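Asker: Predicted model, plus sequence, below.
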Amino acid sequence: MTTVASADIGASNLRTAIVDIDTLTVSGRSELDIANDPSRTAEALLVAIRKLGPPPRRIGIAAAPEFGENGLVRRWPNRPNYVGFDLLGPLRRAGYDVAVLDDGMAGAVAAARQGGWSGLCVHIVIGTGIGGGVVLAGQPVVGARGRAMDIGHLAVPAATGVPCGCGRTGCLQAVASGRALAARAADAGLPLDGLDALAASGDPNAAAIVETQLEALAQAIEQVTTLLDPDKITLGAGYARYAAVATALRLRLPGDIGARLFLDALGDNGPLIGAALYAASGE
């Protein structure tokens, strides 16, 4: 049994666990809300890792924020107040060797390993924001600055004119993320839980929200497929609706694309597992 300590720093939650990279299982998992104060989050991360016991000194980090070569947060549209902060500093000063991978990319690594896929695999994750990753022959394709497959900020027609937290308009994330759906449901006086049922029952506001999300996701997936022609596309998320979304997308997408779309069986453990695999690889 080979175990690696792992953390997943998302826009809403901080998760930590010990990952068995042979069985792709997690133990000792904990979850905390991400604080508005980055210094509190940095200290909470160190405390959570220490509570896992005496793990290996190398830690895998699945990170929603983008880090610069100096270790500081360089970009995080969902948490702009974290930019310029040394979020991983307490871990490094405590002697941990930190291997960082984009959280969407970490999910892609885990999904490809779990599925036993060796070709070109694309992963899309819907949570507070939307991210993704690309894996080729088992290896993450991160790009020159670690931004490869930043699909949440891909422009799609269904989001035309809608402001995004990144400062632009028309991004997929602006209409299809968990945060976007929650905001649009609240504006319409609707609960996020049960939104699909309301749409199916004929509520026009609920139907419009769900339709826009599905149309935007389908448009993004078709664009990515045109560019990359992946063998497999996996859809994962940190909220309960993603299974329904995957089913609806298969019906909406062209047959040759829908047939390649799979639900990520690892759920929100995927980034933890993928980060651990990345750390264990020595990258």
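Answerer: Received, thanks.
Asker: Which parts of the stretch 51-200 of the chain are helices?
Answerer: Assigned by DSSP state H, counting those that start in this stretch, the helices in the stretch 51-200 of the chain fall at 89-93, 103-115, 173-176, 178-187, 195-200.
Asker: Give me the average confidence score over the fourth one.
Answerer: Meaning helix 178-187. Helix 178-187 comes out with an average pLDDT of 93.
Asker: Show me what it is packed against.
Answerer: Packed against helix 178-187, as judged by 3 or more Cβ pairs under 8 Å, 6 or more residues apart in numbering; DSSP states H and E, are the following elements: helix 173-176, helix 204-228. To be clear about C-beta, it is placed using only N, CA and C from the backbone, and glycine gets the same treatment.
Asker: Could you check how far residue 69 is from residue 40?
Answerer: Using Cβ to Cβ, to the nearest Å, residue 69 is found at 25 Å from residue 40.
Asker: Compare those two (neighbour count), which wins?
Answerer: Neighbour count, other Cβ atoms under 10 Å: between residue 69 and residue 40, residue 40 has more, with 12 against 7.
Asker: How much space separates the more buried one from residue 187?
Answerer: For residue 40 relative to residue 187 (Cβ to Cβ), the value is 30 Å.
Asker: number of nearby residues for the closest residue to residue 206 other than its chain neighbours?
Answerer: With Cβ to Cβ, 6 or more residues apart in numbering as the criterion, residue 206 has its nearest non-adjacent residue at 3.7 Å, and that residue is residue 198. Neighbourhood size, residue 198 [other Cβ under 10 Å]: 20.
Asker: In the helix or strand encompassing residue 244, which residues are buried?
Answerer: Secondary structure from DSSP states H and E places residue 244 in helix 242-252. For helix 242-252, a neighbour-count test (16 or more other Cβ atoms under 10 Å) marks 242, 245-246, 248-250, 252 as buried.
Asker: Please apply the same query to stretch 152-160.
Answerer: Buried positions in stretch 152-160, judged by neighbour count with 16+ other Cβ under 10 Å: 152-156, 158-159.
Asker: cool, stretch 198-215 as well?
Answerer: Quick answer for stretch 198-215 (16+ other Cβ under 10 Å): 198-199, 203, 205-207, 209-210, 212-215.
Asker: again, but for stretch 30-38
Answerer: Those would be 34, 38, for stretch 30-38 by 16+ other Cβ under 10 Å.
Asker: Please name every helix or strand in contact with the helix or strand of the chain with the lowest mean pLDDT.
Answerer: Within the chain, no helix or strand scores below helix 242-252, which has a mean of 85 by mean pLDDT, DSSP states H and E. Applying 3+ Cβ pairs under 8 Å, 6+ apart, we find helix 242-252 packed against helix 204-228, strand 232-237, helix 255-258, strand 261-263.
Asker: what sits up against that helix?
Answerer: By Cβ atoms under 8 Å, 6 or more residues apart in numbering, the surrounding residues in contact with helix 242-252 are 126, 196, 213-215, 217-218, 221, 235-237, 258-259, 261-263.
Asker: Check what pLDDT residue 30 gets.
Answerer: 93.
Asker: give me the number of residues near residue 109?
Answerer: The number of residues packed near residue 109 is 28, by other Cβ under 10 Å.
Asker: how about the residue of the chain positioned farthest from its centre, secondary structure?
Answerer: The outermost residue of the chain, judged against the average C-alpha position, is residue 202 (31.1 Å), by Cα atoms, centre = their mean. With DSSP: H, G, I helix; E, B strand; the rest coil as the basis, residue 202 sits in coil.
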